[in-house]
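Q: give me a 3D structure for the following:
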Amino acid sequence: MTSKDELFKSLVAEHQEMVINTCYRFVFNREDAEDLAQDVFVEVFRSLERFREEAKLSTWIYRIAVTKSLDHLRHLKRQKRFSSLKRMIGVEDPSAEIAAPHSENPAEAYAGNERAIVLQNALNSLPDNQKSAFLLSKQDGFSNQEIADILNTSVSAVESLVHRAKKNLHDKLYAFYTEH
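A: Okay, the predicted model is just below:
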């Protein structure tokens with residue numbers, strides 16, 4: 001094995017779980033998160049020679065994970081718009097059939113799923129930069145400096161993004177729950 005292969009293998013071992021978790025926080029689906037993590041490490045492998053060490057290697061990897069996750073969400077939004085168009089012109093959308101989760105109490109499962117969907121919709125409605133900063137801060141526990149490095153921005157910009165994301169989420173969730 002070459003030194004590049006050994007380095008890559010150790011990078012995957014060290015960062016794989018965190019990359020999967022980071023992707024999951026964006027896409028809310030374990031299989032998609034694992035697929036995205038594979039894409040992240042393919043990109044890392046292809047780009048390893050070009051890494052300029054302007055940031056920590058882990059920061060660079062998580063930046064790729066965030067970018068891949070956001071690209072995936074944009075792709076899903078385009079697919080959803082296309083599916084809506086297909087339904088409007090009378091073409092069936094087989095992806096609309098989603099299996100119900102297994103739970104001993106269907107009412108609890110439904111309530112939990114509904115809350116998760118409401119939260120996911122609220123998160124997905126945030127601008128990408130707010131969503132990224134919020135998830136990296138609140139879900140992944142990164143410091144504002146680490147988030148600034150990952151998003152390639154300033155600490156004050158991160159603070160502002162997280163603050164606006166919290167306010168927007170509060171407003172969206174408050175409006176939803178007062179309406180329902």
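
Q: biggest helix in the chain, by residue count?
A: In the chain, assigned by DSSP state H, the helix with the most residues is helix 57-88.

Q: and that helix, what's buried?
A: Residues of helix 57-88 classed as buried: 58-70, 72-73, 83 (neighbour count, 16 or more other CB atoms under 10 Å). (C-beta placed from N, C-alpha, C; glycine too.)

Q: equivalent analysis for stretch 131-150, please.
A: Neighbour-count burial for stretch 131-150, counted by 16+ other CB under 10 Å, picks out 131-137, 140, 142, 144, 146-150.

Q: pull up the distance across that stretch, start to finish.
A: One end of stretch 131-150 sits 13 Å from the other (CA to CA, to the nearest Å).

Q: lowest pLDDT pick from the buried residues of stretch 131-150?
A: The lowest pLDDT within the buried residues of stretch 131-150 belongs to residue 140, with 79.

Q: could you pull out the helices for this protein?
A: Taking DSSP H to define them, one finds helices in the chain at 3-27, 30-47, 57-88, 106-124, 128-134, 144-151, 155-179.

Q: go through those and find the least confident stretch.
A: Across these, helix 106-124 gives the lowest mean pLDDT, at a mean of 73.
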